[in-house]
Structures are given as C-alpha cells and as structure tokens.
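**Q** Test case, fold it:
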Amino acid sequence: MSDLFGDTPSPEPAARDRPLADRLRPAALDEVIGQEHVLGADAPLGLMLDAGALPSLIFWGPPGVGKTTIARLLADASDRTFVQISAIFSGVAELRKVFDAAKTRARNGQGTLLFVDEIHRFNKAQQDGFLPHMEDGTIVLVGATTENPSFELNSALLSRAQVLVLRRLDARALAELIARAEAMLARALPLKDDARAALIEMADGDGRALLNLIEQIAAMKIAEPMDAATLGARLQRRAATYDKSGDGHYNLISALHKSVRGSDPDAAMYWLARMLSAGEDPRFLARRITRMAVEDIGLADPGAMRQCLDAWATYERLGSPEGELALGQAVIYLALAPKSNAGYVAYKAAMRLAKKTGSAPPPKHILNAPTALMKDEGYGDGYAYDHDAEDGFSGQHYFPDDMEREAFYDPPERGFERDMRKRVDYFAKLRAKRQS
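**A** From the prediction side, this is the model:
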C-alpha cells in the first residue's frame, strides 16, 4: 500500500484486521468480477494493454463495481506508480504536490497513474489543471465518477480521456463474490437458498456493500442457517442508489415518462414506486406527471390534465403516504390514455416562427381603434365580425400582412382529437370557400 504520492510504503495492518473487501481485492485484471465488457481480451482495456498504450481514462459507474481496483491493477500492468487522491478532500496545494512528485518520477524514467476518485467534484479550474500534465505524459489520469461525465466534466478533459462505463454487478457476479468470500473465510455462510438470494438483492449491485453484509453475517453466532425472513430482520437492506439532484434522478424520471408515453401502466407504476421509495419529492412527480399529460396526451384526452391536477390537489390535502396513491392513479390513467403530441408540436413550431419573425405587427383589420388617429391609420378597417358571417366563420387572415398562413396543429385520428381533426378540416374548407 502507498501513501498519497505513491512512493513511501505504509505499514500493512494484520490480515485479520483488514476489511473483507480489502482482503478479497483482485490481484490481477482477470480476477475482476462483472466487468468483462471492458476487461476482456477483445474489450477496450484488454486491447489497450495488449498494444502497450494506456490513455487517460474516465470510469463512469455506480459505487462498488471495482473502479479503484481496476485502476490499481492497470498501474501494475503498465508498470506505473499508483497514486490515489479524492476530489472531496484534495485542493490545489495537494494537486501541486502530486504533479511535482510525478515529474520527479518521470525524470527518473518512472510513469505515474493518478487515480482521482469522485473527479466530478473538482471545479472547472481544477479539472483544467490536469490537462498540461496529461498532454506531456507526466501522468496517466484515471478518473472515477458516479455522475454522467457529459454533464459533470469539462469538454477539454473529456477530449483527452476515454470514457469507459462500468456496470452494476449482476446476480451472477455477486454470487461469485459470495463464493470467493466463503473460500477466504474457509466456511460457508449460514444461509438457506432463499437467504442467499435475499442477500444478493440487499447488495443492489454493489460488491463492496455485499462484502460488508457478509462480514456482518460471519460475525453472527447462529446455531441454524437463516432463511430470508430471519436475514432481513438481522440485516439492514442497502438503500437504493439515488441522488435527487444527480444522474439517477433524471434517469428514473425519464424511465417513468417514456413508460407512460409507451402506454405501459405496469412499467410506469414500477418507476413511480422506485422514485417514491427512494425519497423523491411527490410534488416534483406531480409536476412532471402533469407535464406528461400536456406533452404526450394533450387534446387526445382533455380529461388527462384534469386527472393530474386533481391528483396533485389530493396529495396536497392528504400528504404522504396516502396522497401518493392519487399520483399512482394519475399515472395509470395517463399510460392508458390515447396519445398525441400534436399540441406540443404545434406549440414548438409556433415558438420557432415567433422568434424568427420578431416584431411583425398584426394586420390592421384586426386591431382595435379606440381613437380617431387610429381609425385614420386604418385600424379595424375591413374587419369581419365572425358572428355575423355565414356559419359563424369569416375566414379572414389573422397572421401579419406579409406572412403566409401557417398550419401548426395537425391532430391525429386518436381519441378526442378525431373530433378536433374534423373541426380543423371543416374550417379549412370554409376558409378556402371564403377566400375564393
């Protein structure tokens, strides 16, 4: 083990005092579990190492999937000194010392692999500080982040590093990790089959969390193997990974929105439950659900927005958890409602044209003329009062004088918009008749 700058060995604790996660840390890349898509012989890291060319990297993935371990093993495989810092605890002074030490090593013919945990926590200036040292070969940077690099890292840094996505560990990988832990402990865990399955679920794809749970189980004094119910009573389930301001937040609301749009009430209810159980603000969900009614259903079912507003009001009256059922009912209604984005498309098209045409004035015949001067200027001259016209429709031109008529709203033959389609076509025919 090395200190901050990777040069001075620190004393190793006694094996029995080291956490199980540390004792089970892989000694070679082929021992890493669950990341074959980046570590296989034909996968990105396998090809890079085979070619003897290791670029700077960004590991993007959830906690407990091996980001730190892979970085250590890459340093060993490429014969570089491994240096680890955390963006949470390091500032400009620490970075300067790290870079100076790396330059000294470089002069002595030794490379440095600098592993930066939570790299997205560094601000733009700090991220820019890595660039010259990456470009001149002083360091190979390996950054780790749980957040989307596209949003959290500078484009300059991303252009000099390859992003590799590490996946949450699946049930097979976690089962293999349990087997390795039992081999290390030289005994089987006192668990029945259903308890083993429950243990894997509790870890929620996080290998480190799984090993911590295994340590708790191994320390228990148990006469008989536990079943799932007993295990659940003795252990705390790992909280689902969810940052209400981070990438997981937007991923789950996107999943909910697209499930509603895809008319799948079961999937929509699942994602709603995932967000609520993770502590999402129900008022945020009420706003987004109402947005779905406007954007993806619109006038195909005019009652959809009313359902959402009523559910929102019901939540405000009842609070949690009773009021959350109203949000669930609204989600089911939206998922099964006829879908149309015709109103949304019409709005966006009208906004684009409004920005393009700037301050073009309305035609004078539809302007009010409360003063003599305005009448003299032609305001209101030639206006046809629709209620006096045949069929209650004059067919006059309401766009600016120098602008051709535009058609923004194109309702589909679905739901209530079937009737809207008939009305649009009816008025189009009358308009053509009046203008002719």
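**Q** Could you check the lengthiest helix in the chain and say which residues are buried?
**A** Taking DSSP state H as the criterion, the chain has its longest helix at helix 417-435. Buried residues in helix 417-435, counting neighbours by 16 or more other CB atoms under 10 Å, are found at 417, 420, 421, 430, 431. To be clear about C-beta, it is placed using only N, CA and C from the backbone, and glycine gets the same treatment.
**Q** Can you give the contact residues for the host helix or strand of residue 276?
**A** Following DSSP states H and E, the helix or strand that holds residue 276 is helix 265-277. Taking contacts as CB atoms under 8 Å, 6 or more residues apart in numbering, the residues outside helix 265-277 that touch it are 240, 242, 252-253, 255-256, 259-260, 282, 285, 324, 327-328, 331-332, 334-336.
**Q** so what's residue 230 scoring on pLDDT?
**A** Note on residue 230: pLDDT of 89.
**Q** how about the nearest residue to it, chain neighbours excluded?
**A** residue 195 (7.2 Å; CB to CB, 6 or more residues apart in numbering).
**Q** Let's verify that neighbour: helix, strand, or coil?
**A** Using DSSP: H, G, I helix; E, B strand; the rest coil as the criterion, the local structure at residue 195 reads helix.
**Q** Distance check, it against residue 184.
**A** When CB to CB, to the nearest Å is applied, the distance between residue 195 and residue 184 equals 19 Å.
**Q** what about those two, which has more around it?
**A** More neighbours surround residue 195 than the other of residue 195 and residue 184, with 21 against 14 (other CB atoms under 10 Å).
**Q** Is the more buried one in contact with residue 227, as I believe?
**A** Yes - Residue 195 is within contact range of residue 227, at 5.5 Å (criterion: CB atoms under 8 Å).
**Q** Tell me which residues touch residue 412, please.
**A** Per CB under 8 Å, 6+ apart, neighbours of residue 412: 300, 340, 342, 421.
**Q** I'd like those written out as a markdown table, with pLDDT and secondary structure added.
**A** Listed next are the contacts of residue 412 as a markdown table, based on pLDDT from 0 to 100; DSSP: H, G, I helix; E, B strand; the rest coil:
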| residue | pLDDT | secondary structure |
| --- | --- | --- |
| 300 | 95 | helix |
| 340 | 95 | coil |
| 342 | 94 | helix |
| 421 | 92 | helix |
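**Q** Buried ones among those residues?
**A** Buried positions within the contacts of residue 412, assessed by neighbour count (16+ other CB under 10 Å), are 300, 340, 342, 421.
**Q** Would you format the residues you listed as a markdown table with distance to residue 102 included?
**A** As requested, those are exported to a markdown table (distance: CB to CB, whole Å):
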| residue | distance to residue 102 |
| --- | --- |
| 300 | 61 |
| 340 | 59 |
| 342 | 59 |
| 421 | 68 |
